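Q: Predicted coordinates and the sequence they were generated for:
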Amino acid sequence: MNRINFARCSGVVVDICKGHGTWFDRDELSAIVQFIRGGGLEVSRQKDKAEIEFERQQLRAEELAAAKRAASRGVYSSDDERLGGLSAAGGLLKFLIG
């Protein structure tokens with residue numbers, strides 16, 4: 001069995017068994033019902049959404065930083081970037097030679 005804090009912020013720790021379900025000790029179920037009725041589940045969902053959005057922003061920032069590092073070394077993260085770089089180089093050569 002695993003013990004978890006219901007909705008990660010309710011303060012009610014329940015026992016969960018993958019094979020047999022959730023087990024409640026005395027007064028835990030009524031405490032969870034009160035938590036839900038008091039809007040706690042919605043607060044928990046909003047916290048989860050905020051955490052996910054924060055992680056997305058961090059990932060985007062890391063991807064941009066990696067792309068900038070790769071571009072500065074002449075390494076491209078996609079074919080479109082590579083082809084764009086080749087096209088720009090070709091245009092520069094035509095300008096210089098032509």
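A: Received, thanks.

Q: pLDDT below threshold where in this protein?
A: When residues are selected by pLDDT under 70, those of the chain lie in 74-88, 92, 98.

Q: by contact count, what packs against the helix or strand where residue 32 lies?
A: For residue 32, the element it lies in under DSSP states H and E is helix 28-37. The elements that helix 28-37 packs onto, with contact taken as 3 or more CB pairs under 8 Å, 6 or more residues apart in numbering; DSSP states H and E, are strand 13-17. The way it works is simple: take the backbone N, C-alpha and C, and place the C-beta from them, glycine included.

Q: one step back: for the helix or strand just after the helix holding residue 32, buried residues please.
A: Scanning the chain past helix 28-37 towards its C-terminal end, the next helix or strand to appear is helix 40-72 (assignment: DSSP H and E). Applying a neighbour-count criterion of 16 or more other CB atoms under 10 Å, the buried positions in helix 40-72 are 40, 41, 44.

Q: and what of stretch 7-22?
A: Along stretch 7-22, the positions that meet the burial threshold by neighbour count (16+ other CB under 10 Å) are 7, 10, 12, 14.

Q: First-to-last residue distance for that stretch?
A: 13 Å (CA to CA, to the nearest Å).

Q: Outside of it itself, list whatever touches it.
A: Counting by CB atoms under 8 Å, 6 or more residues apart in numbering, stretch 7-22 makes contact with 1-6, 23-25, 28, 31-32, 35, 40-41, 43-44, 47-48, all of which sit outside it.

Q: Ramachandran angles for residue 5?
A: According to degrees, to the nearest 10, the main-chain angles of residue 5 amount to phi -80, psi 120.

Q: Tell me how far it lies from residue 91.
A: Here the distance between residue 5 and residue 91 works out to 60 Å (CB to CB, to the nearest Å).

Q: now the nearest residue to residue 23 once chain neighbours are set aside, which residues is it bridged with?
A: Taking CB to CB, 6 or more residues apart in numbering as the measure, residue 23 lies nearest to residue 15, with 4.2 Å between them; neighbours along the chain are not counted. Beta-bridge pairing of residue 15, defined through DSSP bridges, involves residue 3, residue 23.

Q: From residue 66, how far out is residue 15?
A: Note on residue 15: its distance to residue 66, by CB to CB, is 43 Å.
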